[in-house]
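K.L.:
Model the structure of this input:
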Amino acid sequence: MGLFDKLFGKKQQQETLDQGLQKTREGFFSKITKAIAGKSTVDEEVLDNLEEALVAADVGIETTVEIISRIEKRVAKDKYLNTSELNSILKKEVTDILVSSPSDTSYANYELPAGHKPHVILVVGVNGVGKTTTIGKLAHNFSRAGKSVLLGAADTFRAAAVDQLTIWSERTNVPIVKKEMGSDPASVAYDTIISGVAKNVDVIIIDTAGRLHNKAYLMDELTKIKRVIQKVIPEAPHEVMLVLDGSTGQNALEQAKHFTAATDVTALTITKLDGTAKGGVVLAIAHQFKIPVKFIGVGEKATDLLVFDKYQFVEGLFAPIA
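P.N.:
The predicted structure follows:
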């Protein structure tokens, strides 16, 4: 067993995930169980009930229609499909709905893609979704995996964001570049990149302001940050990561619409899945935006921020209810 297996073992991650998805799993399966109660074959009524159950589980209309359509094709093909087979079929269709990450940017075991250094992650998302906390957890876990990390506090609009990130910097013993509240965010980002290159760090994680009241301003600010970063590293940022609060259900979809319109989002982190029964929104977001989920948060501890593996996630979603 290697170092990373000890730090981020699959068995341990699956157990953490199973626990974190308990509320979603209980709600999800209770709805599905009711949908097929008393039925021996998968007929139109079962499919209608299943559709209602998926929508109620925050899977979303568009994604639900896609899943039901796939099951209908299977029913038409197999003719006498029974309800005992429905779980395994549903499990497969849910897995297929989820977008997979390319192997070089999957962050498996908190590894970084090869071919460049430093790896620059620009983190976006509205206030209150756990964005700054997620950055702190990322810093902790990348450090645990033996990577040198530098944080950039470019959310200068909100003093609490800088203070909170500073606390994480001290807690994880990871250096931070920051300026006073009201400073130009692009200036902070630029100084962070300059410092990171000079120190030859492995990964730079830059926080940004989470304002949605003026989408044009948000777009301009993120564009400016990207532009100054690219003066130093032309191909950066290598990842634009949108953080969404899974407990807000369909509201997270609305946030994703705003941010994907404002900037080129390449990855998703979905937080607070342990405290909600709305984990089905992960399916809706990944399917609708065709953007891979890279991390999910299923607890308060830094180690509860898990690298997303769609097969592990579906196993957690369909695990037997204790």
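
K.L.:
just checking, residue 35 touches residue 43?
P.N.:
No. Checked against C-beta atoms under 8 Å, the pair residue 35 and residue 43 is beyond contact range at 11.9 Å. From N, CA and C alone the C-beta is placed, and that goes for glycine too.

K.L.:
Please identify which of these two sits among more neighbours.
P.N.:
residue 35 (21 against 12; other C-beta atoms under 10 Å).

K.L.:
what residue ranges in the protein score low on pLDDT?
P.N.:
Applying pLDDT under 70 to the chain flags the ranges 1-10, 29, 79-80, 100-105, 212-215, 320-322.

K.L.:
out of everything not next to it in sequence, what's closest to the residue minimising distance to the centre of it?
P.N.:
Closest to where the C-alpha atoms of the chain average out (C-alpha atoms, centre = their mean) is residue 269, at 2.0 Å. Distances taken as C-beta to C-beta, 6 or more residues apart in numbering place residue 295 nearest to residue 269, at 4.2 Å, with adjacent residues excluded.

K.L.:
any idea how far residue 108 is from that neighbour?
P.N.:
12 Å (C-beta to C-beta, to the nearest Å).

K.L.:
Any idea how far apart the tips of stretch 271-288 sit?
P.N.:
End-to-end distance for stretch 271-288: 18 Å, by C-alpha to C-alpha, to the nearest Å.

K.L.:
For the stretch 51-200 of the chain, which segments are assigned as helices?
P.N.:
61-78, 86-97, 131-144, 159-172, 185-199 (DSSP state H, counting those that start in this stretch).

K.L.:
Let me know which of these is tucked in deepest.
P.N.:
helix 131-144 (a mean of 24; mean count of other C-beta atoms under 10 Å).

K.L.:
other SSEs contacting it?
P.N.:
Packing contacts for helix 131-144, counted by 3 or more C-beta pairs under 8 Å, 6 or more residues apart in numbering; DSSP states H and E, involve strand 119-124, strand 149-153, helix 159-172, strand 203-207, strand 267-271, strand 293-297, strand 305-307.

K.L.:
try it again with 6 Å
P.N.:
Judged by 3 or more C-beta pairs under 6 Å, 6 or more residues apart in numbering; DSSP states H and E, helix 131-144 is in contact with strand 149-153, helix 159-172, strand 203-207.

K.L.:
Quick check: which of the ones you listed is nearest to residue 119?
P.N.:
strand 203-207 (4.7 Å; C-beta to C-beta).
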